[in-house]
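Novice: Give me coordinates for this.
(chains A and B)
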Amino acid sequence: MPKVPPEKCTKMALNGDEAVAYAVKQSLVDVVAAYPITPQTIIVERFSEFVANGEVHTEFIPVESEHSALSAIVGAAAAGARAFTATASQGLALMWEILYIASSLRLPMVLAVVNRALSAPINIHCDHSDAMGMRDAGWIQLFVENSQEAYDTTIQAFKISEHPDVLLPVTINLDGFVLSHTLEDILILPDEVVHEFLGGYRKVAKTYVDYLRKEVEIKLDPANPLSFGPLDLYDYYFEHKVPQIEAMRKAKEIIRKVNDEWYELTGRRYGDGLIDPYAVEDADVVITVIGSTAGTVRHVVKKLRNKGLKVGMVRIRSFRPFPFDEIRSILRGVKVVGVMDRAISYGSYGPSYLEISTALYNLSERPILINYVYGLGGRDIPPDMVEKVFMELLDIAKKGETAETFKLLGVRG
Amino acid sequence: MSAKINPYRLWIFEPGKKYNIPLDLNIKKVALERTPLMLPGHRMCAGCSVPIFVKLLGLALRGPTIIVNATGCLEVATTIFPYTSWAVPWIHVAFENAGAVASGVEAALKAMKKSGRLGYDNVDVVVLAGDGGTYDIGFQSLSGMAERGHNVLYILYDNEAYMNTGIQRSGGTPQFAWTTTSPIGKVLPGKIQPKKPIADIMVAHRIPYVATATPAHWADAIRKFRKGIETEGPTFIHVLTPCTRGWRFAESKSIEICKRAVDTCYFPLWEYIIGKGYFLTDRSLQIARNPKLKQPIEKFIELQGRFRHLLRPENRELLKQLQEYVDAVWEDLVNRAVNAPK
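Specialist: Here you go, the predicted structure:
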């Protein structure tokens, strides 16, 4: 029995953007800086309404660009604030420079990315090419399947980001239009439950500073002057990258822990927090997938299981840190894995194919791995297309081999 | 120096206490009593005028202050890890975003004050950015900060080129100056375009306070820094900071060059107060009252290698053009200045 059962929540019909905005409203966020971009704009609009109505203490900065949006919340986070921004596509691309600085300064903050294709040609619809462009930027990247999870994960993201063992910025990714503009019944927790879950306002982590001879909060504090963002050359830079590597490793445990806490609180959990498997135990073939397409794949798995076919799905919820161990243990023994990617690295494969290949490489007996790139620029991925993939995978499982490892789904010939 | 002063002391402001450090222009007294904002041991060049203006800024602060520094000479030469020269909280994020970072810091302070978590009545936010980070790559974030009305003093220290990367021309480089990307060639006489009128552009944003200053006119500068800090809303101060490396002059001449910049009206001293208009200050006001004090532009450029070619006989026409440009800008300013004799 969860501590806060559904009947103690408020059911609201919200789209994914509104669900995120509502979660931010409840998370005691001090500073929101954002710039409008489709399909993220509703987050900014809804949040502006909360500010206009005096429902939050938050300072909202309607910045003149996404570069400034992220720069402003870097400044805010350094000053000790809980800070949030949201963007998509070109906006995320414009933030790129500051993404690395935010994570390397070890500043907790949350960024909602409403996934959308990158230009050119300009396209406002969903794919993951924007998010994959920041995969090496040192941010935790969580992807959600539906708008309830978008709400839940936005709140969780603050807790993960601010954990003293983590202190890394977090992105919560939700599929543009598929989630951002689609109404869903969302269970909204009472405000005070969210406040308690987050431990109130942001608590700034502390560290020992030699020249102050004491432990101080890591923030711009006139009582304990610190310098943020100094010049760091070959004699120290590399050492400063090591804790970042370590923090990302530790983040896996914290994501899992926060997922468990959420389960105790609400009765909802998303796999172990890192991967969300479905019907994998005895599966011969498995599809791995990221984002809202998991809903479609889950539907097809149910249908094919009813026909007695041994198919399953693994949804990757945490792309950074990537759950290598979890993927290795869950896909061990599977005959064929179809890796679905809604992004492409030109001259290579889809991004998650590379990760999953790496996870499985050291197994003595590896599944056959095929990459399916789908849905670029918002191209629809209907259930029958997924079913065809499963049929193909089952056929390969029977034959025990395949010549092709890279396929495009749903493209005209 | 008094034996009591420890020049390496950090500025500690205790939460809960009220601070309003009085403005004191008795420079000998404050130099003995106050420890510097930027601590000794930094690696700015010998003869650089930037640490001098930062020292003057330190004498103008009224209490808890956070410094936001754009990428540039000042940033790299004062914070080479594991050292820092900053006696107050300081942050550098990138080159083009100091205005945005300061907006975020200021918003955070506001939100914390609103929720009863700020330990002070007030914390001032001051941006220090060079000409590249202000005229060029950082202009958008500065303009946004000004338009949104953040309570931040933005100080431009203008050494008139990208000195940190090796003297490349910027929007702040004056016409005909040599830089490594506006070299003196067979067909081009240095930079073609005149300097962008950045301070006037900030006036056009209709922010409450804009001023110009140099480290040589120290009392004028301190007063303006203090006004910039005390004025609610975004304020902008343009400080001329001659660069020995880029302007090609002897290390001992920085202050002399600042004086000549003002004496020739190349860099007039003024302040703009919204609702009241432009006011000439210090030496520039004296020149407006007594135009005989105005020196020819040669006096400014003769000490600087970057303008050496202008003194060659074949470039007399260019020199004339530069003089005419300076005269026109000065005349325009005098016409606008409320306190200039009409």
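
Novice: Can you confirm whether stretch A:231-250 lies near chain B?
Specialist: Yes. Stretch A:231-250 reaches chain B (Cβ under 8 Å from any Cβ of the partner chain) through A:Leu231, A:Asp232, A:Leu233, A:Tyr236. Yep, even glycine has a C-beta here, placed from its N, CA and C like the rest.

Novice: Quick check: PyMOL command selecting the buried ones in those residues.
Specialist: Per 16 or more other Cβ atoms under 10 Å in any protein chain shown, the buried members of the residues of stretch A:231-250 next to chain B correspond to this PyMOL selection:
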select buried, chain A and resi 231+232
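
Novice: Tell me which residue in the stretch 101-250 of chain B sits closest to chain A.
Specialist: B:Gly104 (3.0 Å; Cβ to the nearest Cβ).

Novice: Give me the subset of the residues of stretch A:231-250 next to chain B lying in strands.
Specialist: Counting by DSSP state E, these place none of their members in strands.

Novice: how about TSV for the residues of stretch A:231-250 next to chain B, with pLDDT added?
Specialist: Listed next are the residues of stretch A:231-250 next to chain B as TSV, based on pLDDT from 0 to 100:
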residue	pLDDT
A:Leu231	97
A:Asp232	97
A:Leu233	97
A:Tyr236	97
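
Novice: Going along the chain, name the strands of the stretch 51-200 of chain B.
Specialist: B:65-69, B:90-92, B:124-130, B:153-158 (DSSP state E, counting those that start in this stretch).

Novice: Would you map the helices across chain A?
Specialist: Taking DSSP state H, the helices of chain A run over residues A:16-26, A:41-52, A:66-78, A:89-104, A:129-132, A:147-162, A:191-198, A:237-266, A:293-306, A:324-331, A:351-361, A:383-399.

Novice: residues in contact with the fifth one?
Specialist: Residues from elsewhere that reach helix A:129-132 (Cβ atoms under 8 Å, 6 or more residues apart in numbering or on different chains): A:88-89, A:92-93, A:113, A:115-118, A:141, A:143, A:171, A:173, A:319, A:342-345, A:351, A:376.

Novice: quick one: low-confidence parts of the chain?
Specialist: I'll assume chain A. Residues of chain A meeting the criterion pLDDT under 70: none.

Novice: Wait, chain B was what I had in mind.
Specialist: B:1-4.

Novice: Give me the residue at the spatial middle of it.
Specialist: Nearest to the geometric centre of chain B sits B:Val239, at 2.3 Å (Cα atoms, centre = their mean).

Novice: helix, strand or coil for it?
Specialist: Three-state assignment for B:Val239 (DSSP: H, G, I helix; E, B strand; the rest coil): strand.

Novice: So what sits opposite it in the bridge?
Specialist: According to DSSP bridges, the partner residues bridging B:Val239 are B:Tyr157, B:Ala213.

Novice: That one against B:Ile155, yeah?
Specialist: Yes. The pair B:Val239 and B:Ile155 passes the contact test of Cβ atoms under 8 Å, sitting 6.1 Å apart.

Novice: Now list whatever residues contact both of these two.
Specialist: Common contacts of B:Val239 and B:Ile155 (Cβ under 8 Å, 6+ apart): B:Phe53.

Novice: Break chain A down into its structural domains.
Specialist: Split into domains by automatic domain parsing, chain A comes to A:6-203+A:248-266, A:276-408.

Novice: Any chance of CSV for those domains, columns mean neighbour count?
Specialist: Listed next are the domains of chain A as CSV, based on neighbours: other Cβ atoms under 10 Å in any protein chain shown:
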stretch, mean neighbour count
domain A:6-203+A:248-266, 22
domain A:276-408, 19
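
Novice: out of those domains, which comes closest to B:Met145?
Specialist: With Cβ to Cβ as the criterion, B:Met145 lies closest to domain A:6-203+A:248-266 of those, at 8.4 Å.

Novice: In contact with residue 36, which residues?
Specialist: Using chain A. Neighbour list for A:Pro36: A:Val44, A:Glu45 [criterion: Cβ under 8 Å, 6+ apart].

Novice: hm, I was asking about chain B
Specialist: Residues in contact with B:Pro36, defined by Cβ under 8 Å, 6+ apart, are B:Pro7, B:Lys55, B:Gly58, B:Ala87.

Novice: so what does the helix or strand encompassing B:Lys299 touch, helix or strand wise?
Specialist: Assigned by DSSP states H and E, B:Lys299 belongs to helix B:298-301. Using 3 or more Cβ pairs under 8 Å, 6 or more residues apart in numbering or on different chains; DSSP states H and E as the contact test, the elements touching helix B:298-301 are helix B:254-263.

Novice: Can I get the contacts of B:Pro36 in CSV including distance to A:Met248 and neighbour count?
Specialist: Converted to CSV, the contacts of B:Pro36 look like this (distance: Cβ to Cβ, whole Å; neighbours: other Cβ atoms under 10 Å in any protein chain shown):
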residue, distance to A:Met248, neighbour count
B:Pro7, 41, 11
B:Lys55, 42, 17
B:Gly58, 40, 20
B:Ala87, 34, 21
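
Novice: Could you dump the residues you listed into JSON lines with distance to chain A added?
Specialist: JSON lines is the format used below for the contacts of B:Pro36 (distance: Cβ to the nearest Cβ, whole Å):
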{"residue": "B:Pro7", "distance to chain A": "15"}
{"residue": "B:Lys55", "distance to chain A": "17"}
{"residue": "B:Gly58", "distance to chain A": "13"}
{"residue": "B:Ala87", "distance to chain A": "6"}
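
Novice: how close does B:Ile301 sit to chain A?
Specialist: For B:Ile301, the distance to chain A (Cβ to the nearest Cβ, to the nearest Å) stands at 33 Å.

Novice: give me the number of residues near that residue?
Specialist: Number of residues near B:Ile301 (other Cβ atoms under 10 Å in any protein chain shown) recorded here: 26.
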